[in-house]
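Based on what follows, work out the 3D shape:
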Amino acid sequence: MSERPVGFLVAVLAGVPVCGVCILGPAAVGGFLAGWFGWLADLDIALVTVLGGVAAIAVLGYVKYRRDPRPE
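Sure, this is the predicted structure:
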């Protein structure tokens, strides 16, 4: 058996968990937040949309404008 197919298989097996975490991590967090906002708003779609948008803007603003805690 040639080493190339085995090397490719090992590389794929090493990369699949990394891709799974990258793809499923945000989906799990988003599902949790969607469920929480749905419970909070008692299934009122307008309020859920507004709260979700505000939360998304807050998270994106924090990530973009956070200060570096290390002194220069």
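
What values do phi and psi take at the residue nearest the centre of the chain?
Residue closest to the average C-alpha location in the chain (Cα atoms, centre = their mean): Pro26, at 1.9 Å. Main-chain dihedrals, Pro26, degrees, to the nearest 10: phi -60, psi -30.

in the chain, which spans are helices?
3-41, 45-65 (DSSP state H).

now those helices as JSON lines including mean pLDDT?
Output for the helices of the chain, formatted as JSON lines (pLDDT from 0 to 100):
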{"stretch": "helix 3-41", "mean pLDDT": "77"}
{"stretch": "helix 45-65", "mean pLDDT": "81"}
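
sorry, back to before: distance of the residue nearest to the centre of the chain relative to Leu33?
Computed with Cβ to Cβ, to the nearest Å, the distance linking Pro26 and Leu33 is 10 Å. Just so you know, the C-beta spots here come from the backbone N, C-alpha and C atoms, and that holds for glycine as well.

Ok, Arg66 next?
20 Å.

These two: which is more packed in?
With neighbours defined as other Cβ atoms under 10 Å, Arg66 and Leu33 compare such that Leu33 has more, 15 against 8.

hang on, isn't the more buried one packed against Ala55?
Yes: using Cβ atoms under 8 Å, Leu33 is in contact with Ala55, at 6.7 Å.

Run a quick neighbour tally on Trp36.
Around Trp36 there are 14 residues (other Cβ under 10 Å).

Could you shift the numbering so residue one becomes 526, and keep it that way?
With 526 as the first residue, the last one maps to Trp561.
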